[in-house]
Structure formats: C-alpha cells, structure tokens
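Peer 1: Compute the structure for the input listed below.
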Amino acid sequence: MKVLVTGGLGFIGSNFCRHMLAKYPDYEIINVDKVGIGANPANLHDIENDKRYTFIKGDICNPQLMNRLIHQVDAVVNIAAETHVDRSIVDPNVFLQNNTLGTFTILEGIRRHNHKARLLQVSTDEVYGEASEGSFTENSPPKPSNPYSASKAAADMFVLSYHKTFGLNVSITRCTNNFGPYQMPEKLIPKTVIRALRDLPIPIYGKGTNIRDWIYVTDHCEAISTVLEKGEPGEIYNVSAGNEVTNIDIVKKIISILKKPEDLITFVEDRPGHDTRYSLDSSKTRKELGWKPKATFQEALESTVEWYLKNEHWWTPFATDVILHPTPWKLGGSR
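Peer 2: Model (predicted):
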C-alpha cells in the first residue's frame, strides 16, 4: 500500500511517518511538506535513506503537485496544518489558506484524479469549542472559538460533504492535545522545559486553570493508523487518553522533574478566545476499532522532558525570543 502523508516533517507528521514504516513493512510512504513553520527535515533523518520513504518538498495548496501525487497512492493522511492558536490570532489568513483550502485541494485531487483513494483527515478536539461540562462525542456540533479551530472545522465540513456528495472514502480523527519528541518550542510543554532550563520566567495564561486532555504522540499515531485501516467511510473518530490536567499543574510537574523552583512561574495576560476546558469521549474509537492509549501520562511526560534534555541541538535553532515570547498573540506583524 502506498500512503501520501501531508505535513510529514512536523511534530505529529514525523512521528506518524516513523510509526507507519515500523508497523507496516510492506507500506510505502510519500511525505509532502512545504517545510514551513513547525517543519524540520531533521525530524526524519533516521529514515531518509529507507527505500520505502520518499520526501517531496511542496505545498498542499498546489493543485498540480497534489493531483500528480494523489494519482499515485492508495490513501492520503492529511496532517499538514497551521496549528498554533496564538499565531491564528495574529494572521488568520494563513490558517484559512493552509488548513481549509489545502484540504479542499486534496479533496478535489481525489475526486478528479483518484476516486478510489482513501482520505484520513487529522483534525482536533478544538473544533467542538469549550466543554464546560461532560465530554464531546462525535455527534457534538462544531463550535470553534478561534481562527485556528474555525479553519479546521471548515475543513472537516468539506471532507464530510465530499463523502456525502461525491462518495469519497473519507474518515476524520479528532484528537486532544499531543505531546512528545519533536514538538516545536512554541507549544506549552517544550516552551516550559526550555525556559526552565534557561532559568527564565515561565509564562502561564490567566490563572493557569485552563484544562486540556493530553495524549502522548505515539498513541495518537497508533489511533490514526488504526482508523486508516479499520475506520468506516464518512465517520468521525475521537481520540483521547483521559489525562485532563490544568496548565498550572502541567508546568509544576515539569518544574518538579527538572528540579527547578516554582517561583519561575509568572502569570500573564490571557489570550483572546481562550477556551477553559476541552474533553473528548473516545469510547467509539475504543469499542469499534479496538484502539486504546498505552502510555501513562507521568511516564510519558518524564520521557518527553528527558528527550528535550538530550536533544538541545534539535531545539536550539528554534528557541528564539519570538518563539519563546510570553504572549506571542500580542506580537502582531513582528511574528
């Protein structure tokens, strides 16, 4: 089977490419990535000489490129996306172009050039909006709160519409917050690790009471491959591990692992549209497809911190003042 992975040099994408080659010895992976923000060719140095792996530098918004690649494959796993909420506040247009129109380009490529190809759209729990109580199921309506989640929700709607209207073989995964190796320093966990290592103040939005459900990236990758293999056309599958933790508690856990003082913590102005809590019910994915997370949260967090300690050469080029800024959503045009 030949699989086209979009955004395969990013955090989730690179972990997924590696996961697929390890899980399926007979699969071929084509990785298309424009090498923009969040992408790093060093993420896949260990597999770049694997004969089953091909990298192509290119933009998923380029219809000529995507049509040619889609014609060659059996399935497309669309991971390519702009993902940082703070940046979506600064420049929403980039998120509309990459996340929504990029997905549309892929859908059109499948519809016109390879109608039998399967599409797995990798989405996010943020499309549901804030969970004041309970947990969202796949039947919960989208209610995005920021330009990032709106761009992903719009993409999901296009995907479902192309199944209904044109009969495309599509499925969607919606996952909670990922963490693990190769995550860019702009995100909460790596940013906290790096600022703590440099003895810099560690910024936390508001009072730090925002809750996210965390999942180790390898568990997410296993969920994606499981849905690709077993998921039903036209269906959505939530992916979560049940690790609901406040931001302040995440930061305190990291500080404890690094044996740093808690007085590094500093509370900063909250970003606009910051949802208080996300929570997903993933019982459908577990019961129907037999997937379940393997990593325990504390052990995975310790392993992640250890990875950043051992791979300073990887993150140092990206750990600029802008990337590590306490309130990046305020940077405006300087970003």
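Peer 1: Mind jotting down where the helices sit in the stretch 151-300 of the chain?
Peer 2: All helices of the stretch 151-300 of the chain, identified by DSSP state H, counting those that start in this stretch, fall at 188-197, 217-230, 247-258, 283-289, 297-310.
Peer 1: residues making contact with the helix-or-strand element of the chain with minimal mean pLDDT?
Peer 2: Among the helices and strands of the chain, helix 85-90 carries the lowest confidence by mean pLDDT, DSSP states H and E, at a mean of 86. Helix 85-90 is contacted from outside by 37, 82, 94-95, 126, 146-149, 151, 186, 271-273, 327-329, 331-333, 335, using CB atoms under 8 Å, 6 or more residues apart in numbering. Every residue, glycine included, has its C-beta placed from N, CA and C.
Peer 1: Follow the chain on from that helix and name the next helix or strand.
Peer 2: Next in sequence after helix 85-90, counting helices and strands by DSSP states H and E, comes helix 92-95.
Peer 1: Report all helices and strands that that following helix contacts.
Peer 2: Helices and strands touching helix 92-95, by 3 or more CB pairs under 8 Å, 6 or more residues apart in numbering; DSSP states H and E, are helix 85-90, helix 147-166.
Peer 1: helix or strand right after it?
Peer 2: Next along from helix 92-95, by DSSP H and E: helix 102-113.
Peer 1: neighbouring contacts of that following helix?
Peer 2: 6, 59-63, 66-67, 69-71, 76, 78, 80-81, 117, 119, 121, 155, 158-159, 162, 166, 168.
Peer 1: Average pLDDT for the following helix or strand past it, rounded please.
Peer 2: Next helix or strand after helix 102-113 toward the C-terminus (DSSP H and E): strand 118-124. Summarised as a single mean, pLDDT over strand 118-124 is 98.
Peer 1: for stretch 11-29, same thing?
Peer 2: Mean pLDDT, computed over stretch 11-29, is 98.
Peer 1: how far away is residue 178 from residue 26?
Peer 2: 27 Å (CB to CB, to the nearest Å).
Peer 1: Look at the two and report which has more neighbours.
Peer 2: Neighbours per residue (other CB atoms under 10 Å) separate residue 178 from residue 26, with residue 178 holding more: 23 against 6.
Peer 1: The more buried one: what's it in contact with?
Peer 2: Counting by CB under 8 Å, 6+ apart, residue 178 makes contact with 11, 12, 214, 215, 216, 217, 220.
Peer 1: Among these, which one sits closest to residue 316?
Peer 2: Nearest to residue 316, judged by CB to CB, of these is residue 11 at 16.8 Å.
Peer 1: quick one: the closest residue to that closest one other than its chain neighbours from residue 29, how far?
Peer 2: Closest residue to residue 11 apart from its sequence neighbours, by CB to CB, 6 or more residues apart in numbering: residue 183 at 4.5 Å. According to CB to CB, residue 183 stands 21 Å off from residue 29.
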